[in-house]
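1. I need the structure of the sequence given here:
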Amino acid sequence: MNSGCNFEGCTFAETGSCALERDPVTCEHRIISVEEHNLGGAVLSTSIADGDGIGSPVLIHPEERAALPPSYTLGPDAISNMMASRYVTVVSILGDPDSGKTACLVSTYLLIANAMLKGWAFADSKSLMAFEEIARGARDWNEGSPPDQMTMHTEMTDERRAGFLHLRLVRKSDGRRFDLALPDLPGEWTTKLVTNAQAHRFEFMKAAEVIWIVLDGRALADMERRQALIYRVGQLGGRLKTMFLDRLPRVLLVITHRDTGEVVEAVSMRLVAELQRKGIEATIVQVAPFSGNDTVRAGSGIADLIEATVATTRPAPDFWPDSAPRENSRSFISYRRER
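-> All right, here's what the predicted structure looks like:
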């Protein structure tokens, strides 16, 4: 007696052929396995006749698909698909290492997660796990004492492509919804852009509506480091002017570490003047993503930064401006020709 058949002398288990030249599915001598019995006698997809041999899997492993998206950082392609369905404000975030770029993102996430971002409410996010990942350092306190560093240094899994964080916020004053695409980039990218003009990684900036240039407020308060930083801001402005020519997005100078002291007006004017020499107009926003004292609250200025990011400063032109009619003029054909 052979495995799978009770007919004496049958070699079906070895050869896969019925000794009585019958169909193995309908042969009355065939022994139905427990698995086939549970399947109602159905023919298994992996049979010996197909040459799979003994020990092959009884059932084909079904293709598994995640029920929910992973919600980590989004690639440029995902942002492009999102922009095809609704308006998305793409932000480019530049700054030297340890200037506070990731801290601004973490502070924004923690404020909105606790309903503490003044004037704003949370609506949706396609990258919650990515926000949780970068916010982990701010959650790990030792016996009530804050960590030495709230955020970890940003490292990219793909050195050539930016990873975006997504937030959809509702402005309470008018109920408008805004989708923000915020890249968390290593400071070394900005350093190489300034020193070596390596701009190939910043192709996504062509779709950006706003540029954040994040500056360490402690360096601006230090007389020995201040001038070097202001000079580097001017260099960065020159690189951006070369990249965008006359289509440069709005520029926000985001000065962090507001808790250590406000930047004096003279320094602010020097920063603005340095960029104006490059033909760039900039707005200064001072923030304190985290705070080391009780005078300035953690997250101070973040709401103002979001408001400045989505603000529309360029008035839309008249779709059909009024003009006095002229005799023998073809106004329809000449419309906007002189513009």
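
2. all strands for the stretch 201-339 of the chain, in order.
-> Using DSSP state E, counting those that start in this stretch, the strands of the stretch 201-339 of the chain run over 210-215, 250-255, 282-286.

3. what's next to the last one, contact-wise?
-> Residues from elsewhere that reach strand 282-286, judged by C-beta atoms under 8 Å, 6 or more residues apart in numbering: 213, 217, 250-255, 258, 262-263, 268, 271-272, 275, 301, 304-305, 308. Glycine gets a C-beta too; all of them are placed from N, C-alpha and C.

4. are any of those residues buried, and which?
-> Burial by neighbour count, 16 or more other C-beta atoms under 10 Å: within the contacts of strand 282-286 this picks out 213, 217, 250-255, 258, 263, 268, 271-272, 275, 301, 305, 308.

5. top helix in the protein by residue count?
-> Of all segments of type helix in the chain, defined using DSSP state H, the longest is helix 223-244.

6. contacting residues around that helix?
-> 94, 96, 190, 193-194, 197, 199, 202, 205, 211, 213, 215-216, 219-220, 248, 251, 253, 267, 270-271, 274-275, 277-280.

7. how about a cut-off of 7 Å?
-> 94, 193-194, 197, 199, 213, 215, 219-220, 248, 267, 270-271, 274-275, 277-280 (C-beta atoms under 7 Å, 6 or more residues apart in numbering).

8. Need phi/psi at the nearest residue to Asp124 once chain neighbours are set aside.
-> Among residues not flanking Asp124 along the chain, Arg168 sits closest, at 4.0 Å (C-beta to C-beta, 6 or more residues apart in numbering). Backbone torsions of Arg168, given as degrees, to the nearest 10, read phi -120, psi 120.

9. If Arg168 is in a bridge, with which residues?
-> Asp124, Asp179 (DSSP bridges).

10. So for it, what's the pLDDT?
-> You'll see Arg168 listed with a pLDDT of 96.

11. cool, and Thr242?
-> 90.

12. same deal with the one 4 residues further on?
-> You'll see Asp246 listed with a pLDDT of 77.

13. low-confidence ranges in the stretch 51-200 of the chain?
-> 51-59, 61-62, 64-71, 137-162 (pLDDT under 70).

14. Quick one: the strands in it, in order.
-> With DSSP E, counting those that start in this stretch as the criterion, the stretch 51-200 of the chain has strands spanning 88-95, 120-124, 164-171, 177-183.

15. Which one of these lies nearest to Phe319?
-> strand 88-95 (23.1 Å; C-beta to C-beta).

16. How many residues are close by Arg171?
-> 15 (other C-beta atoms under 10 Å).

17. could we number from 59 for the rest of this?
-> Done: numbering now begins at 59, and the last item shifts to Arg229.

18. Cross-check the contact I'm expecting between it and Lys176.
-> No: using C-beta atoms under 7 Å, Arg229 makes no contact with Lys176, being 11.0 Å away.

19. quick one: the longest helix of the chain to strand 268-273, angle?
-> 160 degrees (axes from the mean of the first three to the mean of the last three C-alpha atoms, to 10 degrees).

20. quick one: buried residues of helix 281-302?
-> Applying 16+ other C-beta under 10 Å to helix 281-302 flags Arg284, Leu287, Ile288, Arg290, Val291, Gly292, Leu294, Gly295, Gly296, Arg297, Leu298, Met301 as buried.

21. what's the answer for stretch 182-192, then?
-> Applying 16+ other C-beta under 10 Å to stretch 182-192 flags Ser183, Lys184, Ser185, Leu186, Ala188, Phe189, Ile192 as buried.

22. mind listing the helices for the protein?
-> Under DSSP H, the chain gives helices at 70-73, 92-96, 134-143, 159-171, 186-197, 245-254, 275-279, 281-302, 323-334, 360-368, 389-392.

23. From the chain's centre, how far out is the longest one? Work that out for me.
-> Distance, stretch centre to chain centre, for helix 281-302: 26 Å (C-alpha atoms, centre = their mean, to the nearest Å).
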